[in-house]
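Colleague: I'd like to go over a predicted model; first the sequence, then the structure.
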Amino acid sequence: MSEEPRPPASDFRGQTLPYPARQSDMLQSPDSDLSNYHAAGKLGGKVALVTGGDSGIGRAVAIAFAMEGADVAIMYNVNDGDANTTREMVEAQGRKCLVLKADVREAAQCRDAVERTVASLGRLNILVNNAAYQVAQARFEDITEAQLDRTFRTNIYGYFFMAQAALPHLTSGDAIINTGSIVGLTGLAILVDYTATKGAIHAFTKSLALYLGPRNIRVNCVVPGPVWTPNIPGTMPIEEVRNFGHEVALGRPGQPEELAPAYVLLASSDGSFMTGSLVHVTGGRLSASD
């Protein structure tokens, strides 16, 4: 990775965007093109499916996997333009990219996405559960039943549905990688429902790893700290967007391409003795247990 300095929290302005925010509309675009990444052919011949792959962390992971030799399917729900940009960036690495517009909240659509991936790309080796939904609420009492349902169905039901759909196609040495969050360990007052789902994802990871251990299918979780993605200006109050990431030891938010190498580690044979792990990539935002 490049040693060039990344923008500090004080550089981040107070832009807000309508949800679901498009990466292409962000005044300060996330660094997700993997221009600083050095590939080593770690995923040659593999096929990966990445949910929430149109932008942010999902985009960076899809590109990194392609640079490592994998063909990639990206699953997204709304932003066609961002998804097509990701496809072009994956294909620029000489790999195939299947674009799947589908809703992880619906089990039937998850099964269809997996089947289309296998039919088009020939197999499935790596599932990355990354799609997420959040809405900040200053008052806990204002979290509606509809918001609670959408948050849980996207963030945890969707992970269950995708894993269940993928399992018939995964074999020894394959991997499931979930995206958790440091706030699933620390909590965050304005995201009570979201943080609850992230805590659930951490537990889901550990339990599924135990279940799949005898099959040598590894299940791990990347735990990001504050990362500059479209979800930040699209869902957070403007006072949170300003100076975003100031609370971590490095004094800035992470960029999506800084998360991608952790997913490569967990997807490749380099992570062959890792399962049930919560891999922190937080910039130094620590939980109480740390």
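Modeller: Okay, I see it. Nothing here was measured: the structure is a model prediction, and the numbers come from that model. Numbering: from 1, shown residues only.
Colleague: those helices in this structure, which residues are they?
Modeller: 56-67, 80-91, 107-121, 145-152, 158-166, 183-186, 192-212, 231-235, 238-241, 256-267 (DSSP state H).
Colleague: Can I get the first one in CSV, CA atoms only?
Modeller: What that stands for is helix 56-67. Coordinates of each C-alpha in helix 56-67 appear next as CSV, following Å, rounded to 0.1, in the frame of the first residue of the first chain:
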residue,chain,number,x,y,z
GLY,A,56,-17.5,1.8,-1.2
ILE,A,57,-16.0,-1.3,0.5
GLY,A,58,-17.8,-3.7,-1.9
ARG,A,59,-16.4,-2.0,-4.9
ALA,A,60,-12.9,-2.0,-3.5
VAL,A,61,-13.1,-5.7,-2.6
ALA,A,62,-14.4,-6.6,-6.1
ILE,A,63,-11.5,-4.8,-7.7
ALA,A,64,-8.9,-6.4,-5.4
PHE,A,65,-10.3,-9.9,-6.0
ALA,A,66,-10.1,-9.2,-9.7
MET,A,67,-6.5,-8.0,-9.4
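Colleague: between it and helix 256-267, how many degrees?
Modeller: On the basis of axes from the mean of the first three to the mean of the last three Cα atoms, to 10 degrees, helix 56-67 is oriented at 60 degrees to helix 256-267.
Colleague: how far does helix 56-67 sit from the chain's center?
Modeller: Put simply, helix 56-67 sits 10 Å off its chain's centre (Cα atoms, centre = their mean, to the nearest Å).
Colleague: List the buried residues in it.
Modeller: Within helix 56-67, the residues scored as buried using 16 or more other Cβ atoms under 10 Å are G56, I57, G58, R59, A60, V61, A62, I63, A64, F65, A66, M67. Glycine gets a C-beta too; all of them are placed from N, C-alpha and C.
Colleague: Quick check: the two most widely separated of these?
Modeller: Farthest apart among the buried residues of helix 56-67 by Cβ to Cβ are G56 and M67. That separation is 17.4 Å.
Colleague: Which pLDDT value does the model give V47?
Modeller: Looking at V47, its pLDDT is 98.
Colleague: Among the buried residues of helix 56-67, which one lies nearest to A107?
Modeller: Looking across the buried residues of helix 56-67 and measuring by Cβ to Cβ, the closest to A107 is G58, at 20.4 Å.
Colleague: From M89, how far out is that closest one?
Modeller: Computed with Cβ to Cβ, to the nearest Å, the distance linking G58 and M89 is 12 Å.
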